[in-house]
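> My questions concern the predicted model and sequence given below.
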Amino acid sequence: MNKASCRILFVVLLVAASVSWCLGQESNSDAKGKSATRTITGCLTQGGNANEFVLTGTDGSTWEVKSDSVSLADHVNHEVKATGVVKHNKMHNMKEDTKDAVHDTGINNNNNEHGHMQITNISMVSDSCK
């Protein structure tokens, strides 16, 4: 078995173990302390329509964001600090853990996160994106 096959087998086993572990969890956070609520600082831009927005975190992560409680349109093209609830938190955390494991094996150089959030609070950091 060559090195690449061993890595792929390792990742598959890790994903299977993660799924089993994740399905057995009942709390709203995982063993690494990842909560359903996150705070992301980054640039808010308009999405595909008037109710869709994209928050690009300073860490390179991207989040499709919506809100029923705050006006995101007021902060388009601003650097913001946004707090919200990650949609499908358990599955999202499992995806993050799997991406971390794959990244650690050297298979994937891009480990930026992508997710969906319902924003509950937003504040402007700067009136323009960096």
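Sure thing, it's come through. None of these values were measured; they are calculated from a predicted model.
> From now on I want contacts and neighbour counts done on CA atoms only, so please keep to that.
Fine.
> what about D74, which SS state?
Under the three-state scheme (DSSP: H, G, I helix; E, B strand; the rest coil), D74 adopts helix.
> any chance you could map the helices in the chain?
3-23, 89-105 (DSSP state H).
> The ones you listed: lowest mean pLDDT?
The minimum mean pLDDT among these belongs to helix 89-105 (a mean of 54).
> so who does the spatially closest residue to L44 that is not a sequence neighbour touch?
Excluding the flanking residues, the one nearest L44 by Cα to Cα, 6 or more residues apart in numbering is L55, at 4.5 Å. By Cα atoms under 8 Å, 6 or more residues apart in numbering, L55 lies in contact with G42, C43, L44, T45, T62, W63, E64, V65.
> same check, this time on S67
When contacts are counted by Cα under 8 Å, 6+ apart, S67 is found next to Q118, I119, T120.
> how many neighbours does G42 have?
Using other Cα atoms under 10 Å, G42 has 27 neighbouring residues.
> coming back round to it: ok, of the contacts of L55, which one's closest to K81?
Closest approach to K81 among the contacts of L55 (Cα to Cα): G42, at 6.6 Å.
> so who does the closest one touch?
L55, T56, G57, T58, E79, V80, K81, C129.
> where does the nearest residue to it once chain neighbours are set aside sit relative to H75, distance-wise?
Among residues not flanking G42 along the chain, G57 sits closest, at 4.0 Å (Cα to Cα, 6+ apart). Relative to H75, G57 is positioned 14 Å away (criterion: Cα to Cα, to the nearest Å).
> Neighbour count for those two, which is higher?
The neighbour comparison of G57 against H75 (other Cα under 10 Å) goes to G57, with 22 against 19.
> hang on, isn't that one packed against I40?
Yes: in this structure, G57 is within contact of I40 by Cα atoms under 8 Å, at 6.0 Å.
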